[in-house]
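>>> no sequence on this one, just coordinates:
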Ligand SMILES: Nc1ncnc2c1ncn2[C@@H]1O[C@H](COP(=O)(O)OP(=O)(O)OP(=O)(O)O)[C@@H](O)[C@H]1O
């Protein structure tokens, strides 16, 4: 049974079951994430991580249970209403427009709710200031005026994170944000995510244990559509069952 959420709980997934044509991708899963915290979600392929994120954003519906956000049941709302409440998933960002500069991409995203006329007007001083803030946050200030298409892979990922953050979401869902990154880019991404937590609540899926280690955050391990364990990396690494299901290989491999 799910434990009772506290006043600080922002995301409260209660006992959800999700099926695809009779196959249970998630079974009686409960997860609570406190406001302003950083949480990491790991688990072997097919554990249900992406399906959980899809359920949170309303792309798939649980057949049982519910998802609450700030106390409100959101699991029966359409996807755009859920997004409007302040839940953003990174890949939902309107990908980087490669012909525009980094700054223009940020300005455009920050203004996309203002309609066509709003977008056509010259950006205000406040909008430029916000873009400057996002450039600093993502470490892209020196790259502000080059076309986004010229960015390195890692930089493009940071721009995408900046574009999601431009909407000032309360809950940020990041699905494998370090895929394809170098070790240095991965470390910079961990630092960026630390900066985001606090003002935002952040839920990160990743397979890269080095990155997970850098995040220094509570970890939820999913297995076969259920929460298998919760704890910090040290505790999980010392848990033979986690080693077995998650890694399927000896501890030294982690
Ligand atoms: N649309 C779908 N139709 C049918 N089965 C699906 C669908 N989406 C996911 N599944 C199945 O549900 C299970 C959970 O998949 P999910 O993608 O959520 O796992 P995951 O933990 O994100 O895995 P990975 O790390 O490989 O991305 C898998 O067995 C998958 O094949």
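Ah, there it is. Given the structure is predicted, the values throughout are model-derived calculations rather than measurements.
>>> all helices in this structure, in order from the N-terminus.
49-56, 79-84, 102-110, 115-120, 125-138, 153-165, 183-196, 209-215, 233-237, 240-242 (DSSP state H).
>>> comparing those, which gets the lowest mean pLDDT score?
Least confident of the helices of the chain, judged by mean pLDDT, is helix 115-120 with a mean of 60.
>>> what about residue 245, distance to residue 86?
34 Å (CB to CB, to the nearest Å). The way it works is simple: take the backbone N, C-alpha and C, and place the C-beta from them, glycine included.
>>> Write out the residues of the stretch 51-200 of the chain neighbouring the ligand.
Residues of the stretch 51-200 of the chain that fall close to the ligand, judged by CB under 6 Å from any ligand atom: residue 51.
>>> Check the stretch 51-200 of the chain for the residue nearest the ligand and tell me.
Closest residue of the stretch 51-200 of the chain to the ligand, CB to the nearest ligand atom: residue 51 (3.3 Å).
>>> Any regions of the stretch 1-150 of the chain where pLDDT drops low?
Scanning the stretch 1-150 of the chain for pLDDT under 70 picks out 1-7, 91-94, 112-120.
>>> can you pull out the strands in it?
9-20, 23-34, 38-42, 64-69, 72-73, 87-89 (DSSP state E, counting those that start in this stretch).
>>> Could you export those as TSV, including mean neighbour count and distance to residue 232?
Shown next, in TSV, are the strands of the stretch 1-150 of the chain (neighbours: other CB atoms under 10 Å; distance: least, CB to CB, whole Å):
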stretch	mean neighbour count	distance to residue 232
strand 9-20	20	19
strand 23-34	19	15
strand 38-42	23	10
strand 64-69	18	25
strand 72-73	11	30
strand 87-89	23	25
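>>> how close does the closest residue in space to residue 100 that isn't next to it in sequence sit to residue 89?
Spatial nearest neighbour of residue 100, excluding adjacent residues (CB to CB, 6 or more residues apart in numbering): residue 148 at 6.0 Å. Note on residue 148: its distance to residue 89, by CB to CB, is 20 Å.
>>> what residues are up against residue 175?
If a contact means CB atoms under 8 Å, 6 or more residues apart in numbering, then residue 175 has 49-50, 53, 89-91, 205 as its contacts.
>>> Of those, select the buried ones using a ChimeraX command.
In ChimeraX, this line selects whichever of the contacts of residue 175 come out buried by 16 or more other CB atoms under 10 Å:
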select :49,50,53,89,90,205
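>>> What is the nearest of the contacts of residue 175 to residue 171?
Comparing these against residue 171 with CB to CB places residue 89 closest, at 9.2 Å.
>>> That closest one touches residue 171, doesn't it?
No. With contact defined as CB atoms under 8 Å, residue 89 does not count as touching residue 171 (9.2 Å).
>>> Contacts only, for the closest residue to residue 17 other than its chain neighbours.
The shortest distance from residue 17 to any non-neighbouring residue, by CB to CB, 6+ apart, is to residue 64 (4.1 Å). Residues in contact with residue 64 (CB under 8 Å, 6+ apart) are 15-17, 28.
>>> what number of residues lie near residue 100?
15 (other CB atoms under 10 Å).
>>> Got the phi and psi for it?
The phi/psi pair for residue 100 (degrees, to the nearest 10) reads phi -90, psi 160.
>>> Relative to residue 192, how far out is residue 158?
Residue 158 sits 6 Å away from residue 192 when distances are taken as CB to CB.
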